[in-house]
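*Asks:* Turn this into a structure:
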Amino acid sequence: MRRTIKASIPDVVINCAAWTRVDAAEDHEEEAEAVNATGAGIVAGECAAAGVRLCHMSTDYVFDGSATEPIDEDAAPNPQSAYGRTKLHGEEAVRAACADHLIVRTSWVYGRHGPNFVLTMLRLAAERPEVRVVDDQHGAPTWSGHLAPAVLRLTEIAPPGTYHLTNSGVTTWHGLALAAIRARGLATEVIPITTGEYPTPASRPAYSVLDNRRWRELGEPRLPVWQEALTTYLGELDAAR
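*Replies:* Model prediction:
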C-alpha cells in the first residue's frame, strides 16, 4: 500500500477489497477477518500517513435484520454472521486509523461481470422449469452502475463519516428474481419460499433496507428505484453481447 500510494499519489483511495463469500466465512472467519478488518486497517493507516482520503466499502450485513423501517447511518450495528462481524471490524479499524475517511454501506450489489444474484437467477431460469427463492428477506438491490458514480460524488463533496448508498425502494430476493426473469421473457415458475426452507451456514438479515439520509442531506437526489436500475442493467448486458 505504501509503495502504491507513493507511486500514484492519489487524491482518494476507494477500498473495494473484501472477503464476500458470506457462507464460507462461517468456517473461515480468521481469513475473512484478515481481509475485511486487518487489511482495511492497513489501507487506512497508509492513507492517513500519506494524507490521502479513504473511502471504504461496507455492507448492510453489519445489522441484525430486526428493523422494520429503513436503517439510519446512526443505528447500532449488531452483525449475526462472521461476514458481518469482520466487515464491522473493518469499519472500526478505518475509523481508528484514518480521520479523513468515508465508510459507505451498501446492499445486494450486482454488476456486469458477476458472479451476482441476478446473473445466477437468469442462468438457473434458463436451465430449469422452476426456481425456488427466499421471499422473507427484505432489502434494496443496488446496481453498480448507479452506485459507483455516487461513491465518486461522495469522495468529492462529503465530510468524513458513514454513509448509506443504495438504489431506492425495497423488495425480496424472490421479487428481484421474478423481475429479472420476467424481464428476460422467461416463463420459469418462480416459487417463493421462507428462509427456513433454504437454510444456509450464515444468518442473513430479515430486513436490511438502508436509509440514505446523509446522502440526501448533502443535497443529492435519491438513487433510482431498483426496478429502473435492473432494467438499465439488463439493457447494458444485452448491448455488451
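
*Asks:* going forward, measure contacts and count neighbours with C-alpha atoms only.
*Replies:* Fine.

*Asks:* Which stretches in this structure count as strands?
*Replies:* When secondary structure is read from DSSP state E, the chain shows strands at 12-15, 53-59, 101-106, 109-110, 130-134, 138-139, 142-143, 161-164, 171-172, 189-193.

*Asks:* Give me the helices and strands touching the fourth one, please.
*Replies:* I take that to be strand 109-110. Applying 3 or more CA pairs under 8 Å, 6 or more residues apart in numbering; DSSP states H and E, we find strand 109-110 packed against strand 142-143.

*Asks:* Other residues contacting the strand it packs on?
*Replies:* 106-111, 166-167, 226, 229-230, 233 (CA atoms under 8 Å, 6 or more residues apart in numbering).

*Asks:* What is the distance between it and the centre of its chain?
*Replies:* 8 Å (CA atoms, centre = their mean, to the nearest Å).

*Asks:* Could you spell out the sheet neighbours of it, each with its direction?
*Replies:* strand 109-110 (parallel) (DSSP bridges).

*Asks:* where in the chain is pLDDT low?
*Replies:* Of all residues in the chain, none has pLDDT under 70.

*Asks:* how about the helices in it?
*Replies:* In the chain, the helices defined using DSSP state H lie at 2-8, 22-25, 29-33, 40-50, 82-97, 117-127, 144-157, 173-183, 213-217, 226-240.

*Asks:* Out of these, indicate the one that is most buried.
*Replies:* By mean neighbour count, with neighbours taken as mean count of other CA atoms under 10 Å, helix 82-97 ranks first of these at a mean of 23.

*Asks:* For residue 216, see how far away the closest residue to residue 201 other than its chain neighbours is.
*Replies:* Take residue 201 and drop its neighbours on the chain: the residue closest to it by CA to CA, 6 or more residues apart in numbering is residue 23, 5.4 Å away. Note on residue 23: its distance to residue 216, by CA to CA, to the nearest Å, is 33 Å.

*Asks:* Next: residue 161.
*Replies:* For residue 161 relative to residue 216 (CA to CA), the value is 14 Å.

*Asks:* How about residue 99?
*Replies:* For residue 99 relative to residue 216 (CA to CA), the value is 23 Å.

*Asks:* before we move on, what about residue 107?
*Replies:* 17 Å.

*Asks:* what's the answer for residue 181, then?
*Replies:* According to CA to CA, residue 181 stands 32 Å off from residue 216.

*Asks:* between the contacts of strand 142-143, which is closest to residue 141?
*Replies:* residue 108 (4.7 Å; CA to CA).

*Asks:* neighbours around the closest residue to that closest one other than its chain neighbours, how many?
*Replies:* Closest residue in space to residue 108, ignoring its immediate chain neighbours: residue 141 at 4.7 Å, by CA to CA, 6+ apart. A total of 28 residues lie near residue 141 under the criterion other CA atoms under 10 Å.
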